[in-house]
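> Here is my input; please provide its structure:
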Amino acid sequence: MTVKEARKLIAVFMVTYPNYKPIDTELAATVWADATEEYSYEQVNMALKAYMKSSTSGFAPTPGQLIDKIHFITQPPDLNETEAWSLVSNAIRRSAYDSAEEYAKLPPLVQKAVGLPSQLRTWAIDEEYNEQVVSSNFMRAYRAEVAREKEVSKMPAKVRKLIQNAYQKSYKDQITEKRTEMILLSSERKESEIKALEAKLEGVPMPDRVKERLKEIRGAI
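Here you go, the predicted structure:
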């Protein structure tokens with residue numbers, strides 16, 4: 001939003017909220033334009049309308065309140081904790097042998113809350129696995145990831161870039177690299193399995209069950 005557009009916003013504030021009396025309207029417009037530079041006037045105005053119809057405080061909104069409204073209106077909702085855990089629980093049941101593959105199917109935020117693909121396998125083969133304890137820990141981690149993602153998404157692009165740079169080669173980035181490596185290794189293992197079966201059966205009529213196995217493996221890569 002430009003300074004010119006912000007002036008219109010300030011005018012609406014002054015008409016709608018009698019308590020809103022900025023010391024310097026031009027400075028107020030400049031500050032608002034700077035705070036909402038990554039959003040269009042249409043987005044900010046849409047958020048203002050939503051705020052006016054829902055807030056009963058009697059006070060004009062802050063930039064952060066309108067940015068919250070913009071994100072609430074324009075971004076799809078995240079999975080709730082129960083939905084996220086349902087995906088993980090189903091993945092655990094199939095992770096005794098294919099944890100990397102199951103991990104790759106999970107949404108990014110769910111992956112972050114789980115940690116590494118090997119964690120799914122650990123849960124899958126643990127004879128003392130306690131779903132209530134694991135689900136509780138996962139949901140707590142998932143809440144933290146969702147909250148952090150929301151906060152970062154509302155920050156200016158320059159700040160997001162600084163955060164990204166700060167995490168470069170950090171422990172979290174090393175985990176991310178390890179996830180990718182494990183997923184790739186899983187695909188390579190499946191490809192090797194295919195080649196081994198094909199070499200073993202070269203020149204020999206292939207039974208239907210073997211054909212089905214090859215088809216199943218290829219479909220999973």
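> I'd like the mean pLDDT over the one helix or strand Ile10 maps to, please.
According to DSSP states H and E, Ile10 maps onto helix 3-16. Helix 3-16 carries an average pLDDT of 95.
> What helices and strands are in contact with the next helix or strand after that helix?
Scanning forward in sequence from helix 3-16 by DSSP H and E, the next helix or strand is helix 25-35. Helices and strands touching helix 25-35, by 3 or more Cβ pairs under 8 Å, 6 or more residues apart in numbering; DSSP states H and E, are helix 3-16, helix 63-74. Where you see a C-beta, it was placed from the backbone N, CA and C, and this is true even at glycine.
> buried residues in the helix or strand following helix 25-35?
Per DSSP H and E, helix 25-35 leads on to helix 41-54 as the next helix or strand towards the C-terminus. Using 16 or more other Cβ atoms under 10 Å as the test for burial, helix 41-54 gives Tyr41, Gln43, Val44, Asn45, Met46, Ala47, Leu48, Ala50, Tyr51.
> Out of the helices and strands in this structure, which is least certain?
In the chain, the helix or strand scored least confidently by mean pLDDT, DSSP states H and E is helix 171-200, which has a mean of 54.
> excluding its backbone neighbours, what's nearest Met14?
In this structure, Met14 finds its nearest non-sequential neighbour in Tyr20, 5.7 Å apart by Cβ to Cβ, 6 or more residues apart in numbering.
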